[in-house]
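Novice: generate a structure from the sequence data that follows.
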Amino acid sequence: MVTLLAVFAALCETACQEEAEMAHVTTDCEIKVGSTIVYAHCSILVAHSNFFRKLCSQKMSESQSGTVELKHVRQDMPRAALHTLLRFVYAGDTHSICFETAWFVLELLGAEDGDYFEIKDCGTLRDACVRVILEDTSVEGLPAALQRAHGLGAVATGLKQALMENFVATLGLQSLTTGSASNKLNQIIQSPELMLELMVLLGTCTVLKPGWRPSRHSGRTTLLGSQAMLTCSSKYRDYNNSSAALKDDNWTTGLATGYVANDGVRLDGTCHFIQASFDRPVRVKSLCLGIGNIQNEGWNRSHLDGAYIEYSLDGQAWTRVGTANIPSMNAFHVHELPEPTVAQYWRLMRDTSNNESCQIAVSIWKFA
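Specialist: Here you go, the predicted model:
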């Protein structure tokens with residue numbers, strides 16, 4: 001079943017294609033920043049943004065020319081940042097946000113206490129950008145990220161606060177207050193205002209309390225320890241249906257489906273799957289898959305090799321991002337995604353419409 005969001009997402013991709021070909025077919029609007037121009041559908045922009053509605057519905061130059069020029073941001077704004085903004089406006093999509101793009105999208109959105117484009121659920125896009133930046137900021141990268149957030153001013157006050165808290169937590173309160181962390185502090189000492197804010201943070205009672213932790217942590221959250229609820233199209237016997245069985249590095253445990261097409265068992269729909277559902281959307285760059293002879297019952301690489309890797313934002317509409325390539329048993333096989341993807345639902349799937357044996361088995365399934 002095709003959802004409305006999927007239709008809007010397809011229209012956004014159509015706009016990108018027409019832009020690449022420099023030919024307006026379905027699009028009728030251009031957004032310009034400096035020398036960069038992206039294509040869009042005016043009706044969709046008007047429906048989702050009060051900013052564009054005001055420009056396109058009034059007798060303004062933008063409504064006459066079909067070109068909206070953004071002058072509130074740097075004029076060397078990357079095209080990818082504009083595309084990310086449009087994907088959210090069209091379909092609420094945040095899965096394509098990467099570390100570098102996230103910074104520029106925050107700049108496009110403007111001050112945190114406002115919303116330049118007046119987009120519905122703008123906070124969702126802003127929060128996704130902040131989450132990506134925090135996740136991809138290592139300990140070594142904290143000073144540079146903190147300086148960058150400081151440079152954005154009102155655009156990134158919440159992000160800067162989170163980065164400062166992580167900076168304090170990472171260096172350790174004792175080393176900061178005794179001066180033994182001076183070498184690391186020298187990396188941000190060029191900004192007196194930022195140093196003052198850091199000292200104010202150190203002086204708060206909350207931060208100095210034993211056991212204090214940042215409100216939001218930086219660095220990649222390892223999903224290897226995350227608990228995901230596992231479901232499958234059918235279950236083979238009493239195999240352990242838990243995420244622990246897929247993370248224990250034991251090749252003789254895991255999960256397998258129990259459907260073989262010629263045994264008369266029927267499934268709803270035309271797919272055969274093992275699904276991992278997280279309690280929130282998670283950002284994934286790669287999957288680690290592997291299979292052994294589970295419970296010594298003859299399972300082999302053919303039961304995992306070729307399975308489709310898919311994700312979903314709502315658990316219903318699925319997007320395929322790869323195929324499991326399992327050249328050997330009892331080995332870890334890392335599958336890099338085409339781009340970092342944020343989604344709550346992930347699955348390994350085979351198509352059962354050809355009435356062939358489509359059992360799936362997996363011993364190791366980890367996310368990173």
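Novice: low-scoring stretches of the stretch 51-200 of the chain, by residue?
Specialist: Within the stretch 51-200 of the chain, the segments meeting pLDDT under 70 span 58-65, 170-189.
Novice: domains for the chain, by residue range?
Specialist: For the chain, the structural domains run 4-131, 142-208, 223-367, going by automatic domain parsing.
Novice: which residues in the chain form helices?
Specialist: Per DSSP state H, the chain carries helices over the ranges 4-21, 42-48, 50-57, 61-65, 79-91, 99-109, 122-135, 142-151, 157-171, 173-178, 182-185, 192-202, 205-208.
Novice: ok, which of those comes nearest residue 298?
Specialist: helix 4-21 (39.4 Å; Cβ to Cβ). In short, each C-beta sits where N, CA and C put it, glycine included.
Novice: run through who's touching the closest one.
Specialist: For helix 4-21, contacts defined as Cβ atoms under 8 Å, 6 or more residues apart in numbering pick out 24-27, 37-41, 44, 83, 86-87, 90-93, 313-314, 317.
Novice: go again with 7 Å.
Specialist: Outside helix 4-21, the residues within contact range by Cβ atoms under 7 Å, 6 or more residues apart in numbering are 24-27, 38-41, 44, 83, 86-87, 90-93, 317.
Novice: whichever of these end up buried, select them in PyMOL.
Specialist: Applying 16 or more other Cβ atoms under 10 Å to the contacts of helix 4-21 leaves a buried subset, and the PyMOL line that selects it is:
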select buried, resi 27+38+39+40+41+44+83+86+87+90+91+92+93
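Novice: before we move on, the earlier item: I'd like the domains of the chain laid out as CSV, including distance to residue 216.
Specialist: Output for the domains of the chain, formatted as CSV (distance: least, Cβ to Cβ, whole Å):
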stretch, distance to residue 216
domain 4-131, 8
domain 142-208, 4
domain 223-367, 14
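Novice: where does the stretch 251-368 of the chain dip in pLDDT?
Specialist: Applying pLDDT under 70 to the stretch 251-368 of the chain flags residues 258-270, 352-357.
Novice: how about the helices of the chain, which one is nearest residue 228?
Specialist: Using Cβ to Cβ, those put helix 122-135 closest to residue 228, at 17.7 Å.
Novice: next, the buried residues of that closest one.
Specialist: 122, 125, 126, 128, 129, 130, 131, 132, 133, 134, 135.
Novice: which among these gets closest to residue 280?
Specialist: residue 131 (10.3 Å).
Novice: how far away is the closest one from residue 338?
Specialist: According to Cβ to Cβ, to the nearest Å, residue 131 and residue 338 sit 20 Å apart.
Novice: for residue 197, give its distance to residue 153.
Specialist: 12 Å.
Novice: the more surrounded of those two?
Specialist: residue 197 (16 against 12; other Cβ atoms under 10 Å).
Novice: separation between that one and residue 250?
Specialist: 49 Å.
Novice: report how many residues lie close to residue 120.
Specialist: Residue 120 has 15 nearby residues by other Cβ under 10 Å.
Novice: these two touch, right, it and residue 48?
Specialist: Yes. Applying Cβ atoms under 7 Å, one finds residue 120 in contact with residue 48, separated by 6.2 Å.
Novice: what about residue 143, how many neighbours?
Specialist: With other Cβ under 10 Å as criterion, residue 143 counts 18.
Novice: for it, give its distance to residue 194.
Specialist: 10 Å.
Novice: what's the answer for residue 361, then?
Specialist: 53 Å.
Novice: same check, this time on residue 309
Specialist: For residue 309, the distance to residue 194 - Cβ to Cβ - is 42 Å.
Novice: got it, and residue 255?
Specialist: 49 Å.
Novice: of those two, who's got more company?
Specialist: It is residue 255, of residue 255 and residue 194, that has more neighbours when counted by other Cβ under 10 Å, with 23 against 19.
Novice: what's near enough to touch the residue lying closest to residue 300 once chain neighbours are set aside?
Specialist: Nearest in space to residue 300, with sequence neighbours left out and distances taken as Cβ to Cβ, 6 or more residues apart in numbering, is residue 329 at 6.2 Å. Shown in contact with residue 329 (Cβ under 7 Å, 6+ apart): 291, 292, 300, 301.
Novice: okay, now the nearest residue to residue 125 once chain neighbours are set aside: neighbour count?
Specialist: The shortest distance from residue 125 to any residue other than its chain neighbours is 4.7 Å, reached at residue 88 (Cβ to Cβ, 6+ apart). Using other Cβ under 10 Å, the number of residues around residue 88 comes to 26.
Novice: ok, residue 88 touching residue 94?
Specialist: Yes. When contacts are counted by Cβ under 7 Å, residue 88 is listed as touching residue 94 (6.2 Å).
Novice: identify the contacts common to those two.
Specialist: residue 125.
Novice: just to revisit the earlier point, ok, the residue nearest to residue 300 to residue 351 distance?
Specialist: 23 Å.
Novice: residue 291 touches residue 303, doesn't it?
Specialist: Yes. Counting by Cβ under 7 Å, residue 291 does reach residue 303; the two are 6.4 Å apart.
Novice: more neighbours, these two?
Specialist: residue 291 (28 against 21).
Novice: for the closest residue to that one other than its chain neighbours, give me its contacts.
Specialist: Once flanking residues are discounted, residue 291 sits nearest to residue 304: 4.5 Å by Cβ to Cβ, 6+ apart. Neighbouring residues of residue 304 by Cβ under 7 Å, 6+ apart: 289, 291, 324, 326, 360, 361, 362.
Novice: try 6 Å this time
Specialist: Residue 304 sits next to 291, 324, 326, 362 when contact means Cβ atoms under 6 Å, 6 or more residues apart in numbering.
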